[in-house]
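Peer 1: Here is a sequence together with a model predicted from it:
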Amino acid sequence: MENDIFQGYKGKALAVLKKYNVRVWGQAEIETTRGDFKGTVLPRAEHQDQEHIVLKLATGYNVGLSISTIKNMKETGYHKAHYGIPEKEFPNTPGLPKVKLFGTGGTIASRLDYRTGAVIPAFSPGELYGAVPELAEICNLETEKVFAVFSENMGPDQYIALAKAIGKEIEKGVDGIVIGHGTDTLHHTAAALTFMVQNPPVPIVLVGSQRSSDRPSSDAALNLMHSMFAAGHGDIAEVMVCMFGPTSDDYGLLHKGTRVRKMHSSYRSTFRTIGHTPLAMVTREKITMIHKSYHHRRKDKDVKILPYFNDKVAMVYYYPGMKPDVIDSLIDSGYKGIVFVGTGLGHVNRHLYPAIERAQKKGIHMYMTLQTLWGYVHMFVYDTGRDMMARGIIPTGNMLPEVAYIKLGWVLGQTDDPEEVKRMMLTPVNDEITDREPYNGYLVYQGGVPEVEEFIKKVEK
């Protein structure tokens, strides 16, 4: 019985709860030396310390209160929460498009297991229907769990497996594909699939969530609905990322897989198109195009699957004072390609020249991108750039660093011929290099200045 009332609490923390007669799942007012708090007392994860009491605030955030700071506690109500996601049979509705959802381990719909502190993903059609019933109005859904990994553990093996799985679904005649993915490396996977799955006849949409489903501010449900609509009803037959547009719940954005990047650690509107505009705005009911040019949906099943990758490629972010042994270590470790992320127009210091010359002699393929993200590599302007080109480093236009890294690995998975590698690297597959940056392709607003503050007053809600 005590286990039900004080789930997970032991020792000192349990003694404090007993002292004030406060139960787990009780609504409590807690007075501490650091202020007063109101919320629901949550179970304590079994592997956590017993020096804190965990409280879920009305905002949906959890806070740990050190028992050493607690002066008084009072239980004001009690309602035991059930965090399991109900499972209902997903209906099949004639006339709705068939969408396949691949899972990689991202928690696009999830619940929190307070016993272990782990987030448990909901993934079967029934679980997703129980969590987001609106999906049944958008599509007929099938799901398949391809991996169960955190996004930082996604890599070449997973890219290749996903590309092959996508090819099989297109052969079966699916109307669209959604890939649930953790947000941290979602843009890497989007780039990889752009190169590995070329000329698809249907939309391929990667989606994630910045905040888990048990939080009131979660973006999971809307992102899932937007991505399903884009995959099942949209006309854009490309690899895309679908995430929040503004910080409000108004709409999502569809970003091209080679021009998107995660730009904030916690904002729901973290993904931005760099050097261009997003493809489109998307809601649960319509898609509003922003891009004028894109690949249209087709009725055939033709697609080119190119599942290749050489993982002996490195991305080197240059910093002042970098020593040549950084490059030497890559050479000695047998790396075949290096993508530099250089300063300014594409520069590194002269101390690296001997190591770069050594890499050139070893036949290592070297390419230059920019730390600025926006803009183009211009290595003809200064002597430094010319010196590096003479040592075999090739500029990549306005290709994003992560995209260049992914593309070089993909190219070297197919050929090691220097001229063919260069041709493939500099020939765009889907706008990873563009001829020009549109006037509204570079927008970084700076708060505090009058014109921006005036703009924010008009759009902030």
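Peer 2: Received, thanks.
Peer 1: only C-alpha atoms for contact and neighbour calcs from this point on.
Peer 2: Fine.
Peer 1: Could you verify my assumption that Ile179 touches Val205?
Peer 2: Yes. Using C-alpha atoms under 8 Å, Ile179 is in contact with Val205, at 6.1 Å.
Peer 1: now the strands for the stretch 301-450 of the chain?
Peer 2: Here the stretch 301-450 of the chain has its strands, by DSSP state E, counting those that start in this stretch, at 304-305, 313-317, 337-342, 365-370, 393-395.
Peer 1: Go through those and pick out the most buried.
Peer 2: Greatest average neighbour count among those goes to strand 365-370 (a mean of 28), per mean count of other C-alpha atoms under 10 Å.
Peer 1: Save the strands of the stretch 301-450 of the chain as JSON lines, and put in distance to Glu142 and mean pLDDT too.
Peer 2: Shown next, in JSON lines, are these (distance: least, C-alpha to C-alpha, whole Å; pLDDT from 0 to 100):
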{"stretch": "strand 304-305", "distance to Glu142": "22", "mean pLDDT": "98"}
{"stretch": "strand 313-317", "distance to Glu142": "36", "mean pLDDT": "98"}
{"stretch": "strand 337-342", "distance to Glu142": "39", "mean pLDDT": "98"}
{"stretch": "strand 365-370", "distance to Glu142": "40", "mean pLDDT": "98"}
{"stretch": "strand 393-395", "distance to Glu142": "43", "mean pLDDT": "98"}
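Peer 1: would CSV of these with distance to Pro418 be doable?
Peer 2: Output for the strands of the stretch 301-450 of the chain, formatted as CSV (distance: least, C-alpha to C-alpha, whole Å):
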stretch, distance to Pro418
strand 304-305, 23
strand 313-317, 15
strand 337-342, 11
strand 365-370, 7
strand 393-395, 11
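Peer 1: Please name whichever of those is nearest to Glu420.
Peer 2: strand 365-370 (11.2 Å; C-alpha to C-alpha).
Peer 1: helices or strands up against that closest one?
Peer 2: strand 337-342, strand 393-395, helix 401-412 (3 or more C-alpha pairs under 8 Å, 6 or more residues apart in numbering; DSSP states H and E).
Peer 1: out of these, which comes closest to Leu128?
Peer 2: helix 401-412 (31.7 Å).
Peer 1: Specify the angle between the closest one and strand 313-317 in degrees.
Peer 2: 160 degrees (axes from the mean of the first three to the mean of the last three C-alpha atoms, to 10 degrees).
Peer 1: Mind listing residues that contact helix 401-412?
Peer 2: 188, 191-192, 195-196, 258, 308-315, 336-341, 369-371, 373, 396, 421, 424-425, 432 (C-alpha atoms under 8 Å, 6 or more residues apart in numbering).
Peer 1: What helices and strands are in contact with the longest helix along the chain?
Peer 2: Counting residues, the longest helix in the chain under DSSP state H turns out to be helix 156-172. Judged by 3+ C-alpha pairs under 8 Å, 6+ apart, helix 156-172 is in contact with helix 186-196, strand 197-198, strand 304-305.
Peer 1: for the last one, packing partners?
Peer 2: Okay, so that is strand 304-305. helix 156-172, strand 197-198.
Peer 1: Repeat that for the second one.
Peer 2: Applying 3+ C-alpha pairs under 8 Å, 6+ apart, we find strand 197-198 packed against helix 156-172, strand 304-305.
Peer 1: again, only using 7 Å
Peer 2: When contacts are defined as 3 or more C-alpha pairs under 7 Å, 6 or more residues apart in numbering; DSSP states H and E, strand 197-198 sits against strand 304-305.
Peer 1: Neighbouring strands - and their directions - for the strand it packs on?
Peer 2: strand 197-198 (antiparallel) (DSSP bridges).
Peer 1: what's the partner strand in contact with?
Peer 2: With C-alpha atoms under 7 Å, 6 or more residues apart in numbering as the test, strand 197-198 has contacts from 163, 303-306.
Peer 1: Heading C-terminal from it, find the next helix or strand.
Peer 2: strand 204-207 (DSSP states H and E).
Peer 1: And the average pLDDT for that following strand is what?
Peer 2: Taken as a whole, strand 204-207 has a mean pLDDT of 96.
Peer 1: which helices and strands sit right next to it?
Peer 2: Counting by 3+ C-alpha pairs under 7 Å, 6+ apart, strand 204-207 packs on strand 176-180, helix 220-233, strand 239-244.
Peer 1: domain assignment for the chain?
Peer 2: Domain segmentation of the chain under automatic domain parsing yields 2-78, 98-305, 313-426.
Peer 1: Could I get the contacting residues of the most centrally placed residue in the chain?
Peer 2: In the chain, the centroid-proximal residue (C-alpha atoms, centre = their mean) is Thr183; its distance is 2.2 Å. Neighbouring residues of Thr183 by C-alpha under 7 Å, 6+ apart: 151, 208-210.
Peer 1: How about Glu437, nearest residue that isn't a chain neighbour?
Peer 2: Gly275 (5.6 Å; C-alpha to C-alpha, 6 or more residues apart in numbering).
Peer 1: so where's the stretch 201-350 of the chain shaky on pLDDT?
Peer 2: Within the stretch 201-350 of the chain, the stretches with pLDDT under 70 are 211-217.
Peer 1: One more pass at 80, please.
Peer 2: The model of the stretch 201-350 of the chain has pLDDT under 80 over residues 210-220, 247-249.
Peer 1: if you skip the residues just before and after it, what's nearest to Tyr294?
Peer 2: Ile236 (6.5 Å).
Peer 1: Which pLDDT value goes with the nearest residue to Thr33 once chain neighbours are set aside?
Peer 2: With sequence-adjacent residues excluded and distances taken as C-alpha to C-alpha, 6+ apart, Thr33 is closest to Thr69, at 5.2 Å. Confidence at Thr69, expressed as pLDDT, is 94.
Peer 1: quick one on the thing from earlier: mind checking the helices and strands packed on strand 365-370 for the one nearest to Glu31?
Peer 2: When these are compared (using C-alpha to C-alpha), the closest one is helix 401-412, at 48.4 Å.
Peer 1: Send me stretch 318-335 as PDB with only the CA atoms.
Peer 2: This file holds the C-alpha atoms of stretch 318-335, laid out as PDB (Å, rounded to 0.1, in the frame of the first residue of the first chain):
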ATOM      1  CA  TYR A 318      38.200  25.600 -37.900                       C
ATOM      2  CA  TYR A 319      39.100  27.700 -34.800                       C
ATOM      3  CA  PRO A 320      41.900  30.200 -34.400                       C
ATOM      4  CA  GLY A 321      45.100  28.500 -33.300                       C
ATOM      5  CA  MET A 322      44.100  25.100 -34.700                       C
ATOM      6  CA  LYS A 323      47.200  22.900 -34.900                       C
ATOM      7  CA  PRO A 324      48.100  20.700 -37.900                       C
ATOM      8  CA  ASP A 325      48.000  17.600 -35.800                       C
ATOM      9  CA  VAL A 326      44.200  17.700 -36.000                       C
ATOM     10  CA  ILE A 327      44.500  17.100 -39.700                       C
ATOM     11  CA  ASP A 328      47.400  14.700 -39.300                       C
ATOM     12  CA  SER A 329      45.300  12.500 -37.100                       C
ATOM     13  CA  LEU A 330      42.700  12.200 -39.800                       C
ATOM     14  CA  ILE A 331      45.300  11.300 -42.400                       C
ATOM     15  CA  ASP A 332      46.900   8.700 -40.100                       C
ATOM     16  CA  SER A 333      43.500   7.200 -39.400                       C
ATOM     17  CA  GLY A 334      42.800   6.600 -43.000                       C
ATOM     18  CA  TYR A 335      40.100   9.200 -43.700                       C
END
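Peer 1: Kind regards, and thank you for your time.
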